[in-house]
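# here you go, sequence then predicted model.
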Amino acid sequence: MVNSAFFLVLRRMRAPIIALIVIYAITVIGLTLVPGIDANGQPAPPLSFFHAFYFVSYTATTIGFGEIPTAFSDAQRLWVTLSIYLSVVGWSYSVVTLIGLLQDKGFQNTLKANRFARRIRHLKEPFYLVCGCGETGNLICRNFDRTGTVFVVIEKEELRVEELDLQDFKSDTPALAADASQPENLQLAGLTHHKCRGVLAVTNDEQANLAIAIAVHLLNPKIPVIARARSPAIIANMASFGTDHIINAFDRFAEHLSLAVVAPERFRLIELLTSLPETPIPESHRPPRGHWILCGYGRFGQAIASRLEGQGITFTIIDPTADGADQRIVGDGTEAHTLQQAGIGHAVGIIAGSDNDVNNLSIAVTATELKPDLFVVTRQNQAANNALFQAYGADFSMIPSRIVAQEAIAILTTPLLAHFLEEIKHCNETWSHALVERLQTLCHGLTPHLWDIRLNLSEAPAAREGLMYGRHFTLGNILRDAAEREHLLAAIPLLIDRNDKLILLPEMDCALQAGDHLLFASSLSTRRKLELTLKNANELDYVLDGRSDSGSWLWGKLETLFSANHTVDR
């Protein structure tokens, strides 16, 4: 990339440089041909090539020593005057060309790409590569920034990349305006970098996400890739070559809505665990069983119907392309007579699921006016319409960007969460309700931050060293607050993975072992406190035994001296 910028400069500046060389060559040759005068005013030979070159050199650099070695003749002065104006033209041409080069979009992009590549090469911490910085990508980036996770952005639209600089990120994020579906751009963004931990293909273009997934599979198959997709053909294509995680927002929401009907407490638990961390706790959703009206029967509507039809729910479908068969009505659902024809009088719920936000809001408002106690589910396609959907206040809202972002963050940053979610499928509603109550009071009205840590040398060296050398401690021991040892940190241990044996909701007296993989729910500040305890031997000593020895040689000497003086005084 550096070479491309250099050669671009040479290519654009070739003509001006040649023009200046020719002008100065003509000037030098002219001075070696035009006769001069000596100190007595008598005719003298022209300047030597050396003196002519010397004169042109200091004249061209605007230093201006004067006429040397002797005063010029009128002919020489005339020639120099012509040469000066000629050189002004040459320099003007060069400056204008240089300004044009600096303003050239291609040259600016080349310089940006060079700086971007240099920053990627110098990254020392593990990072994630986020492909696409639309609504979904922006949510992911904000969460990464909040948790201190390093990430790199590659986005096709330059305006979105520029908007990243205007956001209040704590870190200076490397971002490149380029097509992420091109393998060379992915490599430039660090796909093959040894610190790259994973790739998120969350652009709005399914084909681009497919190309990214294939590139990751071929160029760096060791790292996970999360891809966003909607159409069954693309999903099947991604699955055929082993894409790690494929997120279909429509299917995922249909699954959530179905679970909210069948097992509302378990759904509530999953909702809390997979929500964006430290955001306001969402309201509880209790969709009723009975007859529903489904407005819009595209991919989203079909996913909803297939999931709910076996859960004690029946549908009347309203769609502009409906064939008018039984339980199918032609229309948008925005008109009152269409909803009445669909049987809104005896319906318990309605789903405004078209791909048009204005229509969905119109459906919801009209349905509520006809039947105020109706359970309303809305599909919000654009985050820009947040204010409108919040003002309406649907019982349940489907926001594709948020669904994809939540699942992607949970999968990448907390791999152990997938095991926990699999385990709770076998738990009853009472168990789920009890855990929900604990989680809702954990972070003072905010959703908890889910995180995991291994008791190994890289993530928890102090804890691992203590356990390896025969020191025994439990979960309750390490959860003491280092600032106030009598108090426990506000954290809930959800799972322990011990050599592939899972311990669900371990008790506080559960003894820990080296190599344990722990999953916690807490606030971000509590996480940092607990991580410090597990990493720092002095913090761990104080938490476990109340000892505040710093462990340093100097502090030990000072402490011994203080103790000796105290004994003498007594």
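Great, that's in hand.
# so where's the stretch 401-550 of the chain shaky on pLDDT?
Within the stretch 401-550 of the chain, the segments meeting pLDDT under 70 span 548-550.
# hey, where'd the helices end up in it?
Using DSSP state H, counting those that start in this stretch, the helices assigned to the stretch 401-550 of the chain run over residues 416-423, 429-440, 461-468, 475-478, 524-535, 537-545.
# any chance of these in TSV, plus mean neighbour count and distance to residue 227?
Using the backbone N, CA and C atoms, a C-beta is placed for each residue, glycine as well. Listed next are the helices of the stretch 401-550 of the chain as TSV, based on neighbours: other C-beta atoms under 10 Å; distance: least, C-beta to C-beta, whole Å:
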stretch	mean neighbour count	distance to residue 227
helix 416-423	17	16
helix 429-440	16	30
helix 461-468	19	35
helix 475-478	18	37
helix 524-535	19	28
helix 537-545	19	40
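# of all those, which lies closest to residue 145?
Nearest of the helices of the stretch 401-550 of the chain to residue 145, taken as C-beta to C-beta: helix 524-535 at 11.8 Å.
# what does that closest one contact?
The contact list for helix 524-535 (C-beta atoms under 8 Å, 6 or more residues apart in numbering) reads 146-147, 277-278, 449, 451, 453, 455, 459-463, 478-479, 481-483, 489-491, 520, 522, 539-540, 543.
# can you do 6 Å?
Applying C-beta atoms under 6 Å, 6 or more residues apart in numbering, the external contacts of helix 524-535 come out as 449, 451, 460-463, 478, 482, 489-491, 539-540, 543.
# again, but for stretch 210-220
Here stretch 210-220 has contacts from 131, 180-181, 183, 186, 191-192, 199, 201, 225, 227, 234, 237-238, 241, 243, using C-beta under 6 Å, 6+ apart.
# CA atoms only for that stretch, dumped as CSV, please.
Extracted in CSV, the C-alpha atoms of stretch 210-220 (Å, rounded to 0.1, in the frame of the first residue of the first chain):
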residue,chain,number,x,y,z
LEU,A,210,-21.8,-15.1,2.5
ALA,A,211,-18.6,-13.9,0.7
ILE,A,212,-17.1,-12.9,4.1
ALA,A,213,-18.0,-16.2,5.7
ILE,A,214,-16.3,-18.1,2.8
ALA,A,215,-13.2,-15.9,3.0
VAL,A,216,-12.9,-16.5,6.8
HIS,A,217,-13.4,-20.3,6.3
LEU,A,218,-10.6,-20.4,3.7
LEU,A,219,-8.1,-17.8,5.0
ASN,A,220,-8.4,-18.2,8.7
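# and the pLDDT for residue 139?
Residue 139 carries a pLDDT value of 90.
# which strand or helix spans it?
helix 135-147 (DSSP states H and E).
# summarise which helices and strands that helix is packed against.
Counting contacts by 3 or more C-beta pairs under 6 Å, 6 or more residues apart in numbering; DSSP states H and E, helix 135-147 is packed against helix 400-413.
# just checking, what packs against the helix it packs on?
Packed next to helix 400-413, using 3+ C-beta pairs under 6 Å, 6+ apart, are helix 135-147, strand 245-247, helix 249-262.
# need the helices for the stretch 1-150 of the chain, in chain order.
2-31, 49-60, 74-103, 105-121, 135-147.
# among those, which is the most enclosed?
Of all the helices of the stretch 1-150 of the chain, helix 135-147 has the most neighbours on average by mean count of other C-beta atoms under 10 Å, namely a mean of 21.
# now the angle from that helix to helix 524-535?
50 degrees (axes from the mean of the first three to the mean of the last three C-alpha atoms, to 10 degrees).
# angle of helix 135-147 against helix 249-262?
Here the directions of helix 135-147 and helix 249-262 differ by 70 degrees (the same axes, to 10 degrees).
# extract the C-alpha trace of helix 135-147 and format it as CSV.
The C-alpha coordinates for helix 135-147 follow below in CSV (Å, rounded to 0.1, in the frame of the first residue of the first chain):
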residue,chain,number,x,y,z
GLU,A,135,-27.6,-0.4,12.9
THR,A,136,-26.5,-3.9,13.9
GLY,A,137,-22.8,-3.2,13.6
ASN,A,138,-23.1,0.0,15.6
LEU,A,139,-24.8,-1.7,18.5
ILE,A,140,-22.1,-4.3,18.5
CYS,A,141,-19.3,-1.7,18.4
ARG,A,142,-20.9,0.3,21.2
ASN,A,143,-21.1,-2.8,23.4
PHE,A,144,-17.5,-3.7,22.6
ASP,A,145,-16.3,-0.2,23.5
ARG,A,146,-18.3,-0.3,26.8
THR,A,147,-16.6,-3.5,27.8
